[in-house]
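In: Curious how this folds, go ahead:
(4 chains)
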Protein chains: 2
Amino acid sequence: MAFRVTAFDVAQRAGVTQPTVSRALNGSPKVSDETRAKVLQAAQELGYVINQNATRLRRGETMTLAVVLIGRAGESATETNPFYFSLLGSVAAAATARGYNLLVSFQDSPENFFGQYDDARQADGMIVIGTTQNPEAWAYFRGLDHADKAWVCWGAPDDDLRWVRSENEGGGRIAARYLLDCGRKQPVFIGARTSQQRQFGERYEGFAEELRSAGIVATAIEVDETLSREEQGVEAVRSLLQSGQAFDAIFAACDLTALGVLGALADSGISVPERVSVIGFDGIRAGNYSSPPLTTIEPDFQQAGDLLVQNVLNRIAGEPLTQRRVPVQLVKRGS
Amino acid sequence: MAFRVTAFDVAQRAGVTQPTVSRALNGSPKVSDETRAKVLQAAQELGYVINQNATRLRRGETMTLAVVLIGRAGESATETNPFYFSLLGSVAAAATARGYNLLVSFQDSPENFFGQYDDARQADGMIVIGTTQNPEAWAYFRGLDHADKAWVCWGAPDDDLRWVRSENEGGGRIAARYLLDCGRKQPVFIGARTSQQRQFGERYEGFAEELRSAGIVATAIEVDETLSREEQGVEAVRSLLQSGQAFDAIFAACDLTALGVLGALADSGISVPERVSVIGFDGIRAGNYSSPPLTTIEPDFQQAGDLLVQNVLNRIAGEPLTQRRVPVQLVKRGS
DNA sequence: ACAGATTTTTTCATCGATACCCCCTCGTAC
DNA sequence: GTACGAGGGGGTATCGATGAAAAAATCTGT
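Out: Got it, this is the predicted structure:
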């Protein structure tokens, strides 16, 4: 193990005491410029770096946020919904910009997260992504007493939780408007609208409302939530075709489902966008490469990360519950 | 700030001293079963959780690994190559399985990583992903004195570094064999083969060798590394068509490039797989959704994560330099 | 030149664990 | 009955920083 330089070594070299080194490096006003310069130089020469564990122990603050990505039961971390990966990236950027470190873990079932991170003083707060796709995890979070927990989640369905979500209703409206502008008259929504999937429900509501204002009644195909998102799309198209119901457009609750829809339509020889228009929601990268490329509603990822981080930091600072919406926009591609 | 339970509180409740609590919880053999039971119960009743910062300070060990994802300059974290996201997922799984935490950061330029993580005692070791796509970062890592640094990287081109890579040559062979089995006679390799992109070079070499054994001379289209991976594929197809060179199969150095190739071929009205077969490398999820779905060479992600984590842990344990290869397999889809 | 007000630095305690050394039992051997 | 050894815990120092209080150095003004 290499010898580690401590503040004491720096102090010795700079000819001051160790606490002075600490103050100099932390920018305390109670140290003269001259001394600070000496200390900084000594620190540089020795390659000194503050031991964060000591600082954290002393300060009781970690400058670290934990991100927990909750997958579907049995799903490996590698298979995580790409939308969540992008969200993770934007959260990382936002945390870094605020000087916070990010501790990341992938879980497919609930753990004693708060014990592991907050109580163990590994993180000051927690950002949870993906609860809505895992009923067990959702139950865990709902059962908590939230009074003294600093956390925020993406898309939680509950009103008493601190969350950040997409502008789902607005997005649903935009989707409907887009399909109407394509001249479609019989659009169908595909997705789960359970109480847990509140985000999907919101998308549907905005969608239905916009259609209504155009004098069209929205229809929806419910899906089996035990299937993967993609299979949900495949299955929905299958049952839609079997039902004999006429349709000329599909709004899928999320992009993976939309990709399943595209595949199923292609398999059935139904051309997109000639006979049926398809629009998704999430803006995942894979949508760029499908055939045709998937038109979608994409949330502003940068803001999503920013708001998640900001929200949990607000909580840490003791501010009251806030829930924020991330603006979305239409990304027209080929479907 | 909520009152935090310390080992002292547990000791008091269990009627022992604080160090005994520590021993009991750490499974020391020097504590009787009876005492241990008392301690465990008291700890449970109080909801006690060890403060990791204190432990780390004392032990000088963090049980944390840092993962640094290096993107292309100017690329946002959200746009990270999905292959790296999958790798990140598998690294997370492997780290968790070994009781390690994961600190994640996305960077698009070199920082003083070792100061930030190792010297600051935030992590015991570092896993670096993506250096090969960022010349500046590569230069940083090459310029280091590696003697006392515990780190491993994915796909580094250098022989004196600790790395884990795919079985690139073998994968190249498999790709060639696949194209030959499809009855192709004029396959072309598309990708950068700079000294930095050693992995791509290896893929090409395996590819060329397998072709040679079938009496075919491999050709390759070099690409402009300043373009995105995807655009590289698009551009390569364009210049290939312009050159008038005949070809009936393409092996792209990575899946994003392959997706660009598929798009460019479609735009040129060249049908895949009827007129041209295409195979990629990486096994990214988006390849499932392209049209046709992308045939590819996929590394075993679980092993990739395992080997990365294992390798850096070996280094931490003081074992000599090791470089490991991850087995790959052919994933036949539609291209 | 000296008391008093400031500025700067030192001294010392502290965060919450772990590690080492020592001591007290109690059991076994002689 | 005494000695010795092992097992089980207690006492105390320590990891490396920060914060508060005390002390020293410097600067005022008269």
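In: State the helix or strand in which the residue of the stretch 1-150 of chain A found nearest DNA strand D lies.
Out: Closest residue of the stretch 1-150 of chain A to DNA strand D, Cβ to the nearest atom of the strand: residue A:22 (2.6 Å). Where you see a C-beta, it was placed from the backbone N, CA and C, and this is true even at glycine. Using DSSP states H and E, residue A:22 falls within helix A:18-25.
In: Any residue of that helix touching DNA strand C?
Out: Yes. Using Cβ under 7 Å from any atom of the strand, helix A:18-25 reaches DNA strand C at A:18-20, A:23.
In: What is that helix packed up against?
Out: Under the contact definition 3 or more Cβ pairs under 8 Å, 6 or more residues apart in numbering or on different chains; DSSP states H and E, helix A:18-25 sits against helix A:7-14, helix A:33-46.
In: picking up where we left off before, what about the nearest residue to the residue of the stretch 1-150 of chain A closest to DNA strand D once chain neighbours are set aside, how many residues nearby?
Out: Leaving aside its chain neighbours, residue A:22 sits nearest to residue A:7 (5.9 Å; criterion: Cβ to Cβ, 6 or more residues apart in numbering or on different chains). Neighbours of residue A:7 under the rule other Cβ atoms under 10 Å in any protein chain shown: 21.
In: quick one on the thing from earlier: which pLDDT value goes with the residue of the stretch 1-150 of chain A closest to DNA strand D?
Out: Looking at residue A:22, its pLDDT reads 90.
In: Would you check that it makes contact with residue A:6?
Out: No. Here residue A:22 lies out of contact with residue A:6, judged by Cβ atoms under 8 Å, at a distance of 10.8 Å.
In: Compare these two and say which is more crowded by neighbours.
Out: Shown here are residue A:22 and residue A:6; by other Cβ under 10 Å, residue A:22 has more neighbours (19 against 16).
In: how close does the more buried one sit to chain B?
Out: The gap separating residue A:22 from chain B is 15 Å, by Cβ to the nearest Cβ, to the nearest Å.
In: Over to residue A:116?
Out: Residue A:116 is 8 Å from chain B, by Cβ to the nearest Cβ.
In: List phi and psi for that residue.
Out: phi -70, psi -40 (degrees, to the nearest 10).
In: quick one: the strands in the stretch 101-250 of chain A?
Out: Assigned by DSSP state E, counting those that start in this stretch, the stretch 101-250 of chain A shows strands spanning A:101-107, A:125-129, A:151-154, A:163-166, A:187-190, A:219-221, A:249-252.
In: Do the third one and chain B come into contact?
Out: No. Using Cβ under 8 Å from any Cβ of the partner chain as the criterion, no contacts between strand A:151-154 and chain B are found, and the smallest distance is 13.8 Å.
In: What is that strand packed up against?
Out: Strand A:151-154 packs on strand A:125-129, strand A:163-166, helix A:301-316, going by 3+ Cβ pairs under 8 Å, 6+ apart.
In: deepest of the helices and strands packed on helix A:18-25, which one?
Out: helix A:7-14 (a mean of 19; mean count of other Cβ atoms under 10 Å in any protein chain shown).
In: Any idea how far it is from the middle of the chain?
Out: 44 Å (Cα atoms, centre = their mean, to the nearest Å).
In: do stretch A:18-35 as well
Out: Centroid separation for stretch A:18-35 versus its chain: 40 Å, with Cα atoms, centre = their mean.
In: Would you indicate which residues of that stretch are buried?
Out: A:20-25, A:31, A:35 (16 or more other Cβ atoms under 10 Å in any protein chain shown).
In: Stretch A:223-230 now?
Out: So for stretch A:223-230, counting by 16+ other Cβ under 10 Å, buried means A:223, A:225, A:227-230.
In: for that stretch, what is the average pLDDT?
Out: The average pLDDT within stretch A:223-230 is 89.
In: And the contacts of it?
Out: Identification of contacts with stretch A:223-230 by Cβ atoms under 8 Å, 6 or more residues apart in numbering or on different chains yields A:72, A:81, A:190-192, A:194, A:197, A:232, A:235-236, A:254, A:256-257, A:259-260, A:263.
In: cool, stretch A:142-149 as well?
Out: Residues contacting stretch A:142-149 (Cβ under 8 Å, 6+ apart): A:114, A:118, A:126, A:158, A:160-162, B:2.
In: Farthest pair within those residues?
Out: A:158 and B:2 (22.2 Å; Cβ to Cβ).
In: Neighbour count for these two, which is higher?
Out: The residue with more neighbours, out of residue A:158 and residue B:2, is residue A:158; 17 against 9, by other Cβ under 10 Å.
In: Give me the nearest residue to the more buried one, chain neighbours excluded.
Out: Per Cβ to Cβ, 6+ apart, closest to residue A:158 is residue A:142, 6.5 Å.
In: Count the neighbours of the residue of chain A found nearest chain B for me.
Out: Nearest residue of chain A to chain B: residue A:291, at 2.8 Å (Cβ to the nearest Cβ). Residue A:291: 19 surrounding residues under other Cβ under 10 Å.
In: okay, it: pLDDT?
Out: Residue A:291 is assigned 81 on the pLDDT scale.
In: Ok, the one 10 residues further on next?
Out: The predicted local distance difference test score for residue A:301 is 96.
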